[in-house]
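Asks: Take this sequence and fold it.
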Amino acid sequence: GSGTSGSADGVGDAAEFSYPTEVAISADGSTLLVGSEGGLRQVCVAAPPPPPSFAPLVVPPSTFSADMGKMWGDDALPQGMVTFLVGDDEERIEHVSKNNLCARSPVFRTMFGIGMKERDAAEITVPKTDLASFTAFIDYLCTDQLDLGEGEGEQARRALVLRELAQMYQVPRLELLCAQALQESVGPASAVPLLEAAHTTGDGRLLA
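Replies: From the prediction side, this is the model:
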């Protein structure tokens with residue numbers, strides 16, 4: 001306490017009490033409860049931790065033109081098209097250029113690389129996602145356009161799924177675009193999926 005007889009809550013030595021008789025500490029260790037002639041007083045002994053802070057999201061300029069420039073003059077790139085079989089129902093996204101995919105994603109570049117079985121595959125199975133989200137992902141790779149659908153809740157859900165796909169296929173700019181969209185979409189319809197995603201992934205930036 002302050003050393004002065006009185007009866008006041010406070011932080012550290014700002015608290016005042018008279019003839020203290022009992023002392024207890026709160027469960028989180030941040031507050032002393034002091035019983036005295038003046039009643040029960042609270043002494044804050046540890047300031048609550050500040051809320052986490054995150055660097056602002058900065059989305060870099062598009063690399064689409066530079067990526068498209070990688071599609072000629074490189075004989076290591078695969079030829080032909082691929083069809084994706086998406087989700088449990090294996091819904092089809094047909095005739096996607098392997099060249100384009102390799103230019104935009106290092107994961108596809110490895111997948112369709114020399115010596116890999118997928119290089120000459122006509123079909124690739126993509127489990128654990130949905131057709132609309134994977135279509136939006138392929139659309140981004142091929143056109144540089146981000147389609148999050150319509151409606152606040154649907155846009156947040158689509159952005160979450162696309163963000164996971166961007167992480168999986170190492171497309172960092174798309175990941176940042178999705179994170180930016182999620183930050184801007186916090187509202188009644190999106191609050192629950194964002195809270196669930198922040199808890200699942202441990203990424204507080206979703207609610208920053």
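
Asks: how about L57, secondary structure?
Replies: Using DSSP: H, G, I helix; E, B strand; the rest coil, the structure places L57 in coil.

Asks: pLDDT on the helix ranked longest in the chain, on average?
Replies: Counting residues, the longest helix found in the chain (DSSP state H) is helix 152-168. Average pLDDT, helix 152-168: 91.

Asks: what's the answer for stretch 94-106, then?
Replies: On average, stretch 94-106 scores 96.

Asks: can you give me the end-to-end distance of that stretch?
Replies: By C-alpha to C-alpha, to the nearest Å, the extent of stretch 94-106 from end to end equals 21 Å.

Asks: Give me the contacts around it.
Replies: By C-beta atoms under 8 Å, 6 or more residues apart in numbering, the residues outside stretch 94-106 that reach it are 67-68, 70-71, 77-84, 108-109, 112, 138, 141-142, 169-171. Using the backbone N, CA and C atoms, a C-beta is placed for each residue, glycine as well.

Asks: re earlier: next secondary structure after the longest helix of the chain?
Replies: Counting by DSSP states H and E, the next helix or strand C-terminal to helix 152-168 is helix 172-184.

Asks: Report the secondary structure state of T83.
Replies: strand.

Asks: Which parts of the protein are strands?
Replies: Taking DSSP state E as the criterion, the chain carries its strands at 10-11, 22-25, 31-36, 39-44, 81-86, 91-97, 123-126.

Asks: Who does the longest one pair with, and is each partner parallel or antiparallel?
Replies: Applying DSSP bridges to the sheet, strand 91-97 is found paired with strand 81-86 (antiparallel).

Asks: List the contacts of the partner strand.
Replies: 91-98, 101, 112, 121-126, 129-131, 134-135, 138.

Asks: re the thing from before, which among the contacts of stretch 94-106 count as buried?
Replies: Neighbour counting by 16 or more other C-beta atoms under 10 Å classes 67, 70, 77-78, 82, 84, 108-109, 112, 138, 141, 169, 171 among those as buried.

Asks: quick check, nearest of those to G149?
Replies: Ranked by distance to G149 (C-beta to C-beta), these are led by I138 at 14.8 Å.

Asks: Just the pLDDT for that closest one.
Replies: pLDDT, I138: 98.

Asks: So it sits against I93, correct?
Replies: Yes - assessed by C-beta atoms under 8 Å, I138 is found in contact with I93 at 5.9 Å.

Asks: how big is the angle separating the longest helix of the chain from helix 172-184?
Replies: Put simply, helix 152-168 runs at 150 degrees to helix 172-184, going by axes from the mean of the first three to the mean of the last three C-alpha atoms, to 10 degrees.

Asks: Give the buried residues for helix 152-168.
Replies: 153, 155-166.

Asks: Stretch 58-77 too?
Replies: T63, F64, D67, K70, L77.

Asks: ok, now which ones touch the first one?
Replies: By C-beta under 8 Å, 6+ apart, the contact set of T63 is R173.

Asks: So for it, what pLDDT did the model give?
Replies: 96.

Asks: And the fourth one, by the same measure?
Replies: At K70 the predicted local distance difference test score is 89.
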